[in-house]
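1. pasting the structure only:
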């Protein structure tokens, strides 16, 4: 018999620790972060008899066009099991409907294939007009020996990593809450120079405090001169290169290479299984929001992965149609 249950934070963490695709987006810290931002959340566990068969962290969000539910990198279930999949979809739709949501937006932790597209079409999903987190990314297998990771890097990347060592570029890692104000200021400056939109100060500060020891800020310097800062998140079996910032001086030094290589080595030494570079351009599209960092990230030798794009489960067809039209126009204007 299939059922839903509320489980404790400790039980939730155990489920995710043992799931090969789990990351911070389904974590209890992500739940607490959104609660601190005054959003309603539901952490639902699914059971077949007494055996846990998956979880889903649902976040209820309010937008000008109406309320919707969001599930990032989940639900974490076996989507090939039709009985479980149909039950889970029914449950998340009912829960979201009770919360007054117009639709449920899901970005499953499932690779994009013809088979996966058919599974979700058959379950009643419609491709969303907007993305939800990084759908195209590069993931590095940390089970490799350190020498093999270096060997599999692009020649130029390996050169820059070694150059950073020769130049004695200093790399340090700090608990994120200790450096978050400095990171925010530097990211604002970086955004002005490079023309991107930053996360809000409130979001970043809340993330740093909520994730605690699972959020670190890496800093690269040459002498006393600041070069780069990188916000790294650790959860389950994965480490994510979530956000970054740099100074003008960084253009003259391989500080970013040294920073990321240090983060990769630390992740490996701490027993994590994969390093997620968190977003690359799909098919090298020059208009993609990650276009400027794609070559840099791919140079470290990870596997390029494309997850199934965000999918919508429609609850209120009339209100959803208006939302779809607005988001479609916005997507084209921003060229996301």
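-> Nice, I can see it. Since this is a predicted model, take the numbers as computed values, not measurements.
2. Quick check: pLDDT value at the closest residue to residue 250 other than its chain neighbours.
-> Spatial nearest neighbour of residue 250, chain neighbours left out: residue 227 (4.2 Å); criterion: Cβ to Cβ, 6 or more residues apart in numbering. Bear in mind the C-beta positions are built from the backbone N, C-alpha and C, glycine included. Looking at residue 227, its pLDDT is 98.
3. if I look at residue 227, how far off is residue 244?
-> Distance, residue 227 to residue 244, by Cβ to Cβ, to the nearest Å: 11 Å.
4. what residues are shared contacts of those two?
-> In terms of Cβ atoms under 8 Å, 6 or more residues apart in numbering, residue 227 and residue 244 are both contacted by the residues residue 256.
5. Those two: which is more packed in?
-> Looking at residue 227 and residue 244 with other Cβ atoms under 10 Å, you find the greater number of neighbours at residue 227, namely 25 against 22.
6. Please give the number of neighbouring residues around residue 236.
-> Residue 236 has 22 neighbours, counted by other Cβ under 10 Å.
7. My read is that it contacts residue 28, right?
-> No. Here residue 236 does not reach residue 28: they are 11.4 Å apart, not a contact under Cβ atoms under 8 Å.
8. immediately after the host helix or strand of the residue nearest to residue 250, which helix or strand?
-> Element membership for residue 227 (DSSP states H and E) is strand 225-235. Counting by DSSP H and E, the next helix or strand C-terminal to strand 225-235 is strand 238-246.
9. Which residue ranges of the stretch 1-150 of the chain form strands?
-> Taking DSSP state E, counting those that start in this stretch as the test, the strands found in the stretch 1-150 of the chain are 2-5, 40-48, 51-63, 66-72, 103-107, 126-127, 136-141.
10. Check the gap between residue 43 and residue 326 for me.
-> For residue 43, the distance to residue 326 (Cβ to Cβ) stands at 30 Å.
11. So those two - more neighbours on which side?
-> Between residue 43 and residue 326, residue 43 has the larger neighbour count (other Cβ under 10 Å), namely 18 against 15.
12. for that one, what are its contacts?
-> Per Cβ under 8 Å, 6+ apart, neighbours of residue 43: 6-7, 12, 28, 31, 55-58.
13. and if we set it to 6 Å?
-> 31, 57 (Cβ atoms under 6 Å, 6 or more residues apart in numbering).
14. Could you check the pLDDT of it?
-> 96.
15. and the closest residue to residue 259 other than its chain neighbours, what is it in contact with?
-> Nearest in space to residue 259, with sequence neighbours left out and distances taken as Cβ to Cβ, 6+ apart, is residue 220 at 4.4 Å. By Cβ under 6 Å, 6+ apart, residue 220 lies in contact with 169, 171, 227-228, 255, 258-259.
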